[in-house]
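>>> no sequence for this one, just the structure:
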């Protein structure tokens with residue numbers, strides 16, 4: 001791509017300085033032999049319409065991706081030639097891409113906290129809560145992850161992800177996700193055969209717990225959106241997303 005890696009735009013003059021041009025007649029040879037105005041930029045969207053950075057790993061769960069290339073109007077001018085200048089209009093073109101088609105895309109079917117008080121009159125609506133599986137996934141669309149559990153958190157709190165039918169959770173590895181000082185880690189606990197999500201973030205130390213006027217903590221900016229992604233060696237993916245709107249700190 002003509003746009004440098006790590007950038008989303010470039011000027012035509014920048015491309016000329018890099019030698020990325022050509023003139024069959026040689027009219028633009030020599031120092032300052034060719035000049036131009038105008039810019040080119042690129043925007044990448046996933047299937048949900050969210051913008052994607054160029055460094056982000058593409059996911060089959062978010063495909064197809066739309067790559068939009070935009071050029072502004074401008075001119076191209078050489079030192080010699082008749083005519084030696086031409087103007088052009090801006091344009092937009094869209095391309096659609098998909099990552100490797102091997103493997104499948106899944107979403108965790110539920111998020112299971114402690115189930116001790118989730119039955120009988122304490123149980124939630126059947127379309128949201130299952131007494132054996134916990135909170136059922138309400139949305140697989142990243143724009144509405146705030147419908148999923150949890151919406152509040154604290155350091156050390158955890159819940160387990162229920163894998164879709166036929167998916168072996170032990171085969172997946174997960175990368176931690178950090179948002180403004182809050183980290184969600186995902187680990188397979190083989191002794192209990194479960195995929196556990198643990199939240200880590202601001203917490204009070206022993207001195208702060210004992211003090212009547214404790215020193216301040218770093219306060220995260222909320223809400224924060226988390227998308228957890230597990231991948232196996234066969235190209236399969238499992239995802240789960242949620243939005244934390246509140247963060248609690250225990251003073252003991």
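The structure has been received and is ready for your questions. Computed from a prediction, not measured in an experiment: that's the story for all the values here. Numbering: from 1, shown residues only.

>>> Please count neighbours and contacts with C-alpha atoms only from this point.
OK.

>>> which regions of this structure sit below the pLDDT cut-off?
Counting by pLDDT under 70, the chain contains low-confidence residues at 1, 26-31, 101, 252.

>>> So for stretch 232-246, what gets flagged as buried?
Within stretch 232-246, the residues that qualify as buried by neighbour count (16 or more other CA atoms under 10 Å) are 232, 236, 237, 238, 239, 240, 241, 242, 243, 244.

>>> Pull up the distance across stretch 106-114, start to finish.
From the first residue to the last, stretch 106-114 extends over 24 Å; the measure is CA to CA, to the nearest Å.

>>> Any idea how far stretch 148-165 is from the middle of the chain?
Taking the mean C-alpha point of stretch 148-165 and that of its whole chain, the gap between them comes to 18 Å (CA atoms, centre = their mean, to the nearest Å).

>>> ugh, wrong one, I meant stretch 185-205
For stretch 185-205, the gap between its own C-alpha mean and the chain's C-alpha mean amounts to 21 Å (CA atoms, centre = their mean).

>>> On the three-state scheme, residue 15 is what?
Three-state secondary structure (criterion: DSSP: H, G, I helix; E, B strand; the rest coil) places residue 15 in helix.

>>> Quick check: it vs residue 54, distance?
Residue 15 is 19 Å from residue 54, where distance means CA to CA.

>>> Also residue 149?
If you go by CA to CA, the gap between residue 149 and residue 54 works out to 29 Å.

>>> what about those two, which has more around it?
Of the pair residue 149 and residue 54, residue 149 is the one with more neighbours under other CA atoms under 10 Å, namely 23 against 14.

>>> neighbouring contacts of the helix or strand containing residue 225?
When elements are assigned from DSSP states H and E, residue 225 belongs to strand 224-231. Residues lying outside strand 224-231 but in contact with it, judged by CA atoms under 8 Å, 6 or more residues apart in numbering, are 142, 145-146, 171-180, 184, 186, 237-245.

>>> Quick check: next helix or strand after it?
Read in the C-terminal direction, the helix or strand following strand 224-231 is strand 237-244, with elements assigned using DSSP H and E.

>>> Can you list the strands that that next one pairs with?
Strands flanking strand 237-244 in the sheet, each with its direction: strand 105-107 (parallel), strand 224-231 (antiparallel) (DSSP bridges).

>>> Tell me which of those strands lies nearest to residue 8.
Comparison of those against residue 8 by CA to CA identifies strand 224-231 as nearest, at 23.5 Å.
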